[in-house]
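In: build me a model from this:
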Amino acid sequence: MSDFPAYAPSEEHELLRATVRELADAKIAPFAAEVDEESRFPQEALDALVANDLHAVHVPESYGGAGADALATVIVIEEVARACASSSLIPAVNKLGTVPVLLSGSQELKAKYLAPVARGEAMFSYALSEADAGSDAGGMKTRAVRDGDAFVLNGAKMWITNAGVSEYYTVMAVTDPSAGARGISAFVVEKSDAGVSFGAKERKLGIKGSPTRQVILEDVRIPADRMIGAEGTGFKTALATLDHTRITIAAQALGIAQGALDFALGYVKERRQFGKPISDFQGVQFMLADMAMRLEG
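Out: Alright, predicted model coming up:
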C-alpha cells in the first residue's frame, strides 16, 4: 500500500501491470536476446500482444479498442520494455502513429484506420523527421502537391520506427512552401501505395529488433481525403502528438531500467566470491539500493 494513496495507481491499473508482466515474462522475455542478436522484428511479442489486446490499448472503444487511459498505456509499454526494449515499441509506436488521426482526423479517417489497428491487423508509424530536418522538423522538404482529388507526395523520411513492418504511416509534407511551418499538412500513407519504398535498416547500438528505416516517397498518389485535419495544420498536429507521446518514451526507459535492476538482483544472488553470494557484500548492496531509489524516484 502506498503511503501517498492520492498518487497511487488504481486497483485496475495495478491488475493491468500484473497481467502485462506475466505475459511479458512468459511470451516476450524468452525471445529478447535472440531478437537483439539477430536484429529481427519481435514477431512473437506482436503475436502475444495482439492475442491479449495489448498492442494498442489507447484506441477508443468506439473504434474497437480498449479505450485505455494514458496511465494504462504507459504501464503496458513499461512492462513490455522490462522484458524487451524492441518489443515495447509495438504499443508505443502504434500510439505515436495514430495520435494525429485521433487528434485531427475526420470521423471517416478514424473509422478506416483505427479499427484495423485495434484488431491487430496493422501497425501505424509516424514519419516526421528528414535528413536535414530532425530537431528542425519545420524545415522539411517532402512535398505534397494537389492534383484534382488527390495529392502527390515526393520526399524521404528518416529514422522511422518500425518502417517496413507497419501498414500505415502518418506523413508530414509541405503543401504550401511559402507559408513555413503553417504550410505543412499531415497525411495517411499506406505501405501498399504505389511509389512507397523503404531504405536499408539502420545499424543501431540497441533496440535492434525494431527496424529503423527511411520511408521513401516517389510520386505517391493518395486520395485527398487522407489528409489529417485541415490543410496547413500538420505541424501543429505533429507537435501536439509529441506532447501526448513523449511520456511513452519515459515509460520505455523506466521499464528498461527496471529490467536491468531485476536482472542484477538475480545475478548477485547467484555469483559467489569468498564463499558467499556477492549480494552479501555491503558495497554491492549500496549500488543496488541506489539503483532502486533512482527508479522509484
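In: surely Met140 is in contact with Ile184?
Out: Yes - applying CB atoms under 8 Å as the test, Met140 and Ile184 come out as touching, 6.8 Å apart. Heads up, the C-betas are built off the backbone N, CA and C, glycines and all.
In: show me what Arg217 bridges to in the sheet.
Out: One correction, residue 217 is Leu, not Arg. Gly155, Val196 (DSSP bridges).
In: switch to numbering from 397
Out: All right, first residue 397 from here; so that's Leu613.
In: ok, now how distant is it from Lys587?
Out: Taking CB to CB, to the nearest Å as the criterion, Leu613 is separated from Lys587 by 12 Å.
In: those two: which has the busier surroundings?
Out: Counted by other CB atoms under 10 Å, Leu613 and Lys587 do not tie: Leu613 has more neighbours, with 26 against 18.
In: test my guess that that one contacts Phe547.
Out: No - at 10.8 Å, Leu613 does not count as touching Phe547 under the criterion of CB under 8 Å.
In: so what's in contact with Met536 and Ile580 at the same time?
Out: Counting by CB atoms under 8 Å, 6 or more residues apart in numbering, the contacts common to Met536 and Ile580 are 568-570.
In: report the buried members of those residues.
Out: Using 16 or more other CB atoms under 10 Å as the burial test, the shared contacts of Met536 and Ile580 include 568-570 as buried.
In: return the distance of the lengthiest helix in the chain from the chain's centre.
Out: The longest helix of the chain (DSSP state H) is helix 630-666. Computed by CA atoms, centre = their mean, to the nearest Å, the separation of helix 630-666 from the middle of its chain amounts to 10 Å.
In: list the buried ones in it?
Out: 630-634, 637, 640-641, 644-645, 647-648, 650-655, 657, 660, 664.
In: equivalent analysis for stretch 564-582, please.
Out: 564-571, 577-582.
In: can you put those in TSV and add distance to Gly602, pLDDT and secondary structure?
Out: Below are these laid out as TSV (distance: CB to CB, whole Å; pLDDT from 0 to 100; DSSP: H, G, I helix; E, B strand; the rest coil):
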residue	distance to Gly602	pLDDT	secondary structure
Tyr564	26	98	strand
Tyr565	24	98	strand
Thr566	25	98	strand
Val567	26	98	strand
Met568	26	97	strand
Ala569	30	97	strand
Val570	33	97	strand
Thr571	36	97	coil
Ala577	32	92	helix
Arg578	37	95	helix
Gly579	36	97	helix
Ile580	31	97	strand
Ser581	34	98	strand
Ala582	30	98	strand
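In: ok, of the residues you listed, which one's closest to Arg542?
Out: Thr571 (7.3 Å; CB to CB).
In: need the contact list for the nearest residue to that closest one once chain neighbours are set aside.
Out: Nearest residue to Thr571 in three dimensions, chain neighbours excluded: Ser581, at 4.4 Å (CB to CB, 6 or more residues apart in numbering). For Ser581, the contact set (CB under 8 Å, 6+ apart) comprises 540, 568-571, 623-625, 627-630.
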